[in-house]
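> Here is a sequence with its predicted model. Questions after.
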Amino acid sequence: MLYFRLVATVMALLADKPELDFTCWNKNRDDYFLAIQAEMGGNYKPMQVFVRLALRDAEQGVL
């Protein structure tokens, strides 16, 4: 889990985006873990939603 967050943050910074804000992931842990499980089964859509939310919150400065 920590590894994915680190890689996602580095990818965002390399794309000239702000450091991701993972607050939404922490607040919605059950849905986040379901997204991880879906991703392991080849369904990347739920995790894409979480990454978009982390980027949106980072861009808005929501903490």
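Alright, I've got the coordinates. Given the structure is predicted, the values throughout are model-derived calculations rather than measurements.
> Show the contacting residues for the residue nearest the centre of the chain.
Closest to where the C-alpha atoms of the chain average out (C-alpha atoms, centre = their mean) is residue 51, at 3.2 Å. Residues in contact with residue 51 (C-beta atoms under 8 Å, 6 or more residues apart in numbering) are 8, 20. Just so you know, the C-beta spots here come from the backbone N, C-alpha and C atoms, and that holds for glycine as well.
> tell me which element it falls in.
Residue 51 belongs to helix 45-60 when assigned by DSSP states H and E.
> And for residue 10?
Residue 10 belongs to helix 2-14, assigned by DSSP H and E.
> picking up where we left off before, the inter-axis angle of the helix holding residue 51 versus helix 2-14?
Using axes from the mean of the first three to the mean of the last three C-alpha atoms, to 10 degrees, the inter-axis angle of helix 45-60 relative to helix 2-14 is 50 degrees.
> Please spell out which residues along helix 45-60 are buried.
47, 50-51, 53-55, 57-58 (16 or more other C-beta atoms under 10 Å).
> again, but for stretch 9-16
Per 16+ other C-beta under 10 Å, stretch 9-16 contains these buried residues: 9, 12.
> who's in contact with it?
By C-beta under 8 Å, 6+ apart, the list of residues contacting stretch 9-16 reads 18-20, 55, 58.
> again, only this time at 7 Å
For stretch 9-16, the surrounding residues in contact (C-beta atoms under 7 Å, 6 or more residues apart in numbering) are 18-20, 55.
> Flag the shaky bits of this structure, pLDDT-wise.
Within the chain, the stretches with pLDDT under 70 are 1, 62-63.
> same thing but at 90, please
Judged by pLDDT under 90, the chain has its weakly predicted residues at 1-4, 61-63.
> contacting residues around the closest residue to residue 38 other than its chain neighbours?
Ranked by C-beta to C-beta, 6 or more residues apart in numbering and with sequence neighbours excluded, the top spatial neighbour of residue 38 is residue 46, at 4.7 Å. For residue 46, the contacting residues are 34-35, 38, by C-beta under 7 Å, 6+ apart.
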